[in-house]
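Asks: Just the structure for this:
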Amino acid sequence: MQLKTFRNRYKVLQASLAEDFLKNPDLVADLVQKRSDEIDALLNDIWQGFEINEALCLVAVGGYGRRELHLHSDIDLLILIPDSTHDRHQQSLSKFLTFLWDVGLEVGHATRDIADCMANIGDLSVATNLLESRRLLGQASLFLEMKLMLKMSDWSSQSFFVGKRKEQHNRHLNYSNTAYNLEPNLKESPGGLRDIQTVAWVAKWYFDVNLFSDLVDKGFLTQNEYDLLVQSQSFLWKVRFALHIVAKRREDRVAFQYQREIASVLGYQNGERIAVEQFMRDYYQSATKVARLNDILLQLFEQSVLHVQNLNTRFIISHGYICMTNDTVFTKQPSAFIEIFLLVAKHNYVRGISAETLRQMQKKP
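Replies: Next comes the predicted model:
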């Protein structure tokens, strides 16, 4: 393996991406996908050069799984291995990952077998990573097994939604619950990229779609809302790509020291207002629109996902409570007394058992 060759190849890629962006920031959507595609090709050549055991599977997760790699975004990888074979593959994988770092790739990685995935699937961040994972190389059956395991897990559309909504609430609190921070974080602040991704994650889990345009086809998004999401994401992407160029590293906080240069890179010029003020005004307007749309869409998801859910012929969830479907459930099937408590335990996002159902349960036979 020629380390110098791969290192130069990666340097040329990074330089060309930066050059193309500086010429035309409106190309940002093409450039984040181009970097992802080129990293795919680079990893393929390195993987083949190391002659990794064909029973293993290399998987892209995170932003890389979504084919969204900004100039200095981390390259998040999951390496799937057959069950209980960690020791057997440790040495070859260690050499492979060390080589990636030597090339200059900033890699985040985890090596797991299916048993490991099952043991960690209760972690919302792990479930989210697996949800948007993308197979790159290696054993396809192992990847499909992992995907099936995710679908068969205890995560439901309801519990996933509740988890994501709580995660977003806590994240917003870290930024004083406002989009108007003086040094906003492009990913984590209210109205940032995470707010857009949260909608995408919930949509993918509930509707099994990969594109926002699919939500328009399903009647969940209006065309105007779709256009606003695309425009806002494009603006935030341009700011983030420019920030990476200015900072010369992975960075998400639009610190004071970067704001003037970002404004310049994006073509803002001094006029009635100085360029940096125009840029930050546009950022705050965009973030406000994203935050509002995020709130609207999550409320619509809540109505669709949480308010009424059919569990089986005997029970439904209505507005957070488990309800019987008719008055004869418990008299015709006494096992329903046990079943309803099992359902409460399984669907831990419900508030409890509805009052009318409790009345029926307390009636003497």
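
Asks: check contacts around the nearest residue to Asn177 once chain neighbours are set aside.
Replies: Spatial nearest neighbour of Asn177, chain neighbours left out: Pro190 (6.4 Å); criterion: Cβ to Cβ, 6 or more residues apart in numbering. Where C-beta positions appear, they are placed from N, C-alpha and C, glycine not excepted. For Pro190, the contact set (Cβ atoms under 8 Å, 6 or more residues apart in numbering) comprises 172, 175, 177-179, 287, 291.

Asks: Could you spell out the sheet neighbours of the worst-scoring helix or strand of the chain on mean pLDDT, each with its direction?
Replies: Least confident helix or strand, the chain: strand 308-310 with a mean of 76, by mean pLDDT, DSSP states H and E. Sheet partners assigned to strand 308-310 using DSSP bridges are listed as strand 315-318 (antiparallel).

Asks: now for the helix or strand following the strand it pairs with, which elements pack on it?
Replies: Next helix or strand after strand 315-318 toward the C-terminus (DSSP states H and E): strand 321-324. In this structure, strand 321-324 packs against strand 315-318, helix 336-346, strand 352-353, helix 355-362, with contacts taken as 3 or more Cβ pairs under 8 Å, 6 or more residues apart in numbering; DSSP states H and E.

Asks: And the contacts of the second one?
Replies: Applying Cβ under 8 Å, 6+ apart, the external contacts of helix 336-346 come out as 154, 311, 314-315, 322, 324, 329-330, 350, 352-353, 357, 361.

Asks: Burial check on the nearest residue to Asn348 once chain neighbours are set aside, number of neighbours?
Replies: Distances taken as Cβ to Cβ, 6+ apart place Ser159 nearest to Asn348, at 6.7 Å, with adjacent residues excluded. A count of neighbours around Ser159, defined by other Cβ atoms under 10 Å, yields 20.

Asks: pLDDT wise, what is Ser159 at?
Replies: Looking at Ser159, its pLDDT reads 84.

Asks: how much space between it and His169?
Replies: Distance of Ser159 to His169, computed by Cβ to Cβ, to the nearest Å: 16 Å.

Asks: try Phe279
Replies: For Phe279 relative to His169 (Cβ to Cβ), the value is 29 Å.

Asks: now do Lys11
Replies: As judged by Cβ to Cβ, Lys11 and His169 stand 42 Å apart.

Asks: just checking, Ile196 touches Ala291?
Replies: No: in terms of Cβ atoms under 8 Å, Ile196 does not count as a neighbour of Ala291; the distance is 10.3 Å.

Asks: How are the helices of the stretch 51-200 of the chain distributed by residue range?
Replies: Taking DSSP state H, counting those that start in this stretch as the test, the helices found in the stretch 51-200 of the chain are 62-65, 86-103, 114-120, 124-131, 140-151, 157-173, 193-207.

Asks: Next, format the ones you listed as CSV and append distance to Leu243.
Replies: Output for the helices of the stretch 51-200 of the chain, formatted as CSV (distance: least, Cβ to Cβ, whole Å):
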stretch, distance to Leu243
helix 62-65, 15
helix 86-103, 23
helix 114-120, 32
helix 124-131, 24
helix 140-151, 33
helix 157-173, 19
helix 193-207, 12
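
Asks: show me the residues around Ile81 that make contact.
Replies: Counting by Cβ under 8 Å, 6+ apart, Ile81 touches 55-57, 89, 111-113, 142.

Asks: same thing but at 10 Å, please
Replies: 53, 55-57, 88-90, 93, 111-114, 116, 138-139, 142 (Cβ atoms under 10 Å, 6 or more residues apart in numbering).

Asks: Can you say which of these are buried?
Replies: 56-57, 89, 93, 111-114, 116, 138-139, 142 (16 or more other Cβ atoms under 10 Å).

Asks: Spit out the contact partners of Leu69.
Replies: Residues counted as contacts of Leu69 (Cβ under 10 Å, 6+ apart) are 17, 31-40, 60, 62-63, 75-76.

Asks: List buried members of those residues by neighbour count.
Replies: Those of those that meet the buried threshold are 17, 31-32, 34-36, 38-40, 60, 62-63, 75-76, by 16+ other Cβ under 10 Å.

Asks: Reformat these into TSV and put pLDDT next to each item.
Replies: Listed next are those as TSV, based on pLDDT from 0 to 100:
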residue	pLDDT
Leu17	98
Leu31	98
Val32	98
Lys34	98
Arg35	98
Ser36	98
Glu38	98
Ile39	98
Asp40	98
Ala60	98
Gly62	93
Gly63	94
Ile75	97
Asp76	97
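
Asks: Quickly name whichever of those residues is closest to Glu132.
Replies: Nearest to Glu132 among those, counting by Cβ to Cβ, is Gly62 at 7.4 Å.
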